[in-house]
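Engineer: What follows is a predicted structure for the sequence shown.
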Amino acid sequence: MNEARVLISPSILAADFTRLGEAIALVEDAGADMIHIDVMDGHFVPNLTLGPVIVKAVRSVTSLPIDAHLMVTDPEQYASVFFDAGADYIVFHSEASSDPGALIDTIHGLGGKAGLAVNPPNPAEQLESFISGIDLALVMTVNPGFAGQSFIGDVMPKLRTVAGWKRDRGLEFLIEVDGGVGPSNAGTVVENGGEVLVAASAIFGADDPAAALREIRSAGERALV
Ligand code: DX5
Ligand code: ZN
């Protein structure tokens with residue numbers, strides 16, 4: 001069984017893209033565990049953001065695991081592109097895929113780790129039939145599309161459900177929480193079962209991003225005991 005821990009995955013969506021390398025080095029030095037890259041296609045979500053060239057650029061400056069959060073229609077078209085660009089975790093939304101089970105197998109076949117995301121209005125059950133085959137479950141606490149939105153606390157019961165499946169079934173997948181996460185709610189997220197805390201604005205929008213990252217981690221860790 002995994003030991004309880006708090007992992008921090010800064011989302012570069014709120015970073016200064018004219019100084020992306022410095023932003024990555026800063027969070028890496030501050031103890032980031034992963035780097036979260038938000039891929040939006042203007043179709044599955046109403047915004048266009050980052051593509052494989054950014055993943056490749058980030059890969060070239062860090063050895064941290066990269067989690068590529070694909071908010072795209074037809075993720076099967078792009079999984080190998082993002083894996084080849086250097087992503088370790090390929091995370092997709094099952095409602096965007098025609099055959100999520102097959103895509104999980106494809107990602108594993110490439111040598112990657114597969115993640116499934118669930119949006120705030122959707123039930124935990126959307127993940128359930130795939131839960132023993134995934135490496136990461138991403139519980140969204142905003143409706144995906146933009147950084148800087150408010151955390152939706154109503155998602156906490158769903159997070160507890162997913163954490164309960166992990167515990168009761170002895171599974172190893174990581175539980176990631178994404179959207180509006182910061183020092184004020186990191187404790188709540190961890191209390192309810194969150195293990196990987198994604199944050200864009202709360203880190204890169206802070207005057208001192210390294211201090212903000214450490215604050216999120218300590219707030220989460222205080223909730224572990
Ligand atoms: C939302 C993205 C998030 C977002 C988080 O659509 O999936 O990863 O960048 O941004 P904050 O932390 O600012 O809510
Ligand atoms: Zn994300």
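Structural biologist: All right, it came through fine. Ligands and ions are numbered 1, 2, ... in the order given.
Engineer: Tell me where the model's unsure across the protein.
Structural biologist: By pLDDT under 70, the weakly predicted segments of the chain are 1-3.
Engineer: Pick out the residue of it closest to ligand 2.
Structural biologist: Residue of the chain nearest ligand 2, by CB to the ion: residue 69 (3.7 Å). To be clear about C-beta, it is placed using only N, CA and C from the backbone, and glycine gets the same treatment.
Engineer: ranges for the helices of the chain?
Structural biologist: Assigned by DSSP state H, the helices in the chain fall at 20-29, 52-59, 79-85, 100-110, 125-128, 156-169, 186-191, 201-204, 209-222.
Engineer: Does anything pack onto the fifth one? Which helices or strands?
Structural biologist: It refers to helix 125-128. With contacts taken as 3 or more CB pairs under 8 Å, 6 or more residues apart in numbering; DSSP states H and E, helix 125-128 sits against strand 113-118.
Engineer: Same check on the fourth one?
Structural biologist: Helices and strands touching helix 100-110, as assessed by 3+ CB pairs under 8 Å, 6+ apart, comprise helix 79-85, strand 89-93, strand 113-118.
Engineer: what about residue 43, neighbour count?
Structural biologist: By other CB atoms under 10 Å, the residues close to residue 43 number 12.
Engineer: what's the answer for residue 161, then?
Structural biologist: Around residue 161 there are 18 residues (other CB under 10 Å).
Engineer: For it, give me its contacts.
Structural biologist: Contact analysis of residue 161 by CB atoms under 8 Å, 6 or more residues apart in numbering lists residue 124.
Engineer: ok, now residue 149?
Structural biologist: Residue 149 touches 142, 143, 179, 180, counting by CB under 8 Å, 6+ apart.
Engineer: of these, list those near ligand 2.
Structural biologist: Counting by CB under 5 Å from the ion, nothing from these sits close to ligand 2.
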